[in-house]
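In: Okay, structure incoming, though there's no sequence with it:
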Ligand SMILES: Nc1ncnc2c1ncn2[C@@H]1O[C@H](COP(=O)(O)OP(=O)(O)OP(=O)(O)O)[C@@H](O)[C@H]1O
């Protein structure tokens, strides 16, 4: 579904991604893992077209996308929930969702969004900035779903969120995989959440992809070497 091959990226002179490979199989959840600063967010932003790739290939649904502009990638079926959520704090919940929806030429909010997150319906007139951190994360995911993506990319969706909403977000990811046949690429530092939610992993270390496989085969020595702090 998504194949990243030999991806290189620089911030100015600083070489950040080195020949990164990452395979995201269709209809499952792949977790991109690694310690702080190894390049996980940089990979996601490069896939979204928010950062330019210096070299390498990004193939989505059989088509090369690395030279397409970011809006085209979003409209073409890739939803993105950035780290820190980036919702509009002064707009209502409903307006936040509608803004996203208009980018695909629609005004109605997909029923799926309110089915998955009833709280967004209950709080539709509240300002985004007045929601709790967990509710803002749900809004950010709901907003990405307004584009009806085939691939949903989530950057640390559980960061700073209370445990009951973390569990709900894990359940939502599994429902999207199972009921909507949606593919998910997740960056996540919490190992128990990653193990429970994802079925594949790719590990980055200092800008390089160093291991990948099925989540149930993620061995302790890889965890020790690349993930524990
Ligand atoms: N805008 C930028 N300009 C220069 N260097 C940057 C920029 N953004 C990130 N970096 C550097 O690139 C490297 C990779 O950062 P990135 O945010 O992709 O890592 P990460 O694995 O997502 O980390 P975290 O888990 O802390 O979010 C880090 O060394 C970081 O300091």
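Out: Happy to help now that I have it. Please read all numbers here as calculations on a predicted model, not as lab measurements.

In: From now on I want contacts and neighbour counts done on CA atoms only, so please keep to that.
Out: Fine.

In: So which bits of the helix-or-strand element of the chain with minimal mean pLDDT are buried?
Out: Least confident helix or strand of the chain, by mean pLDDT, DSSP states H and E, is helix 70-75 with a mean of 92. The neighbour-count check on helix 70-75 (16 or more other CA atoms under 10 Å) flags 70, 73, 74 as buried.

In: Show me what the longest helix along the chain is packed against.
Out: Assignment by DSSP state H gives helix 163-180 as the longest helix of the chain. Where contact means 3 or more CA pairs under 8 Å, 6 or more residues apart in numbering; DSSP states H and E, helix 163-180 is packed against strand 29-33, helix 133-145, strand 183-187, helix 191-197.

In: which one of those has the most crowded surroundings?
Out: Using mean count of other CA atoms under 10 Å, the stretch among those with the largest mean neighbour count is strand 29-33, at a mean of 27.

In: counting contacts, what elements does that one pack onto?
Out: helix 163-180, strand 183-187, strand 200-205.

In: next one: the very next helix or strand once past it to chain centre, how far?
Out: As assigned by DSSP states H and E, the chain's next helix or strand after strand 29-33 is helix 40-48. Offset of helix 40-48 from its chain centre (CA atoms, centre = their mean, to the nearest Å): 9 Å.

In: anything in helix 40-48 near the ligand?
Out: Yes. Contact of helix 40-48 with the ligand (CA under 6 Å from any ligand atom) involves 40, 41, 42.

In: Is stretch 190-206 in proximity to the ligand?
Out: No. Counting by CA under 6 Å from any ligand atom, no contacts exist between stretch 190-206 and the ligand, the nearest distance being 7.8 Å.

In: what pairs with residue 184 across the strands?
Out: residue 29, residue 152 (DSSP bridges).

In: isn't it right up against residue 25?
Out: No. Counting by CA atoms under 8 Å, residue 184 stays clear of residue 25, with 9.1 Å between them.

In: hmm, back to that, could you look over the helices and strands packed on strand 29-33 and pick the most buried one?
Out: Scoring the helices and strands packed on strand 29-33 by mean count of other CA under 10 Å, the most buried comes out as strand 183-187, with a mean of 26.

In: who does that one touch, helix- and strand-wise?
Out: strand 29-33, strand 151-155, helix 163-180.

In: Can you add mean pLDDT and distance to residue 6 and give those back as CSV?
Out: Shown next, in CSV, are the helices and strands packed on strand 183-187 (pLDDT from 0 to 100; distance: least, CA to CA, whole Å):
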stretch, mean pLDDT, distance to residue 6
strand 29-33, 98, 16
strand 151-155, 98, 20
helix 163-180, 95, 27
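
In: who's in contact with the residue located most distally from the centre of the chain?
Out: Centroid-distance maximum for the chain: residue 13 at 27.0 Å, with CA atoms, centre = their mean. Shown in contact with residue 13 (CA atoms under 8 Å, 6 or more residues apart in numbering): no residues.

In: ok, back up a step: kindly state which of the helices and strands packed on strand 183-187 is positioned closest to residue 124.
Out: helix 163-180 (18.2 Å; CA to CA).

In: got a list of contacts for the closest one?
Out: With CA under 8 Å, 6+ apart, helix 163-180 has contacts from 27-29, 116, 134, 138, 157-158, 182-184, 193, 196-197.

In: Max pairwise distance over those residues: which two?
Out: 27 and 134 (25.1 Å).

In: Residue numbers of this protein in contact with the ligand?
Out: Going by CA under 6 Å from any ligand atom, the residues of the chain near the ligand are 11, 16, 36, 37, 38, 39, 40, 41, 42.

In: switch to 8 Å and redo it
Out: Along the chain, the residues adjacent to the ligand under the rule CA under 8 Å from any ligand atom are 11-12, 14, 16-17, 33-43, 83, 187, 189, 204, 206-207.
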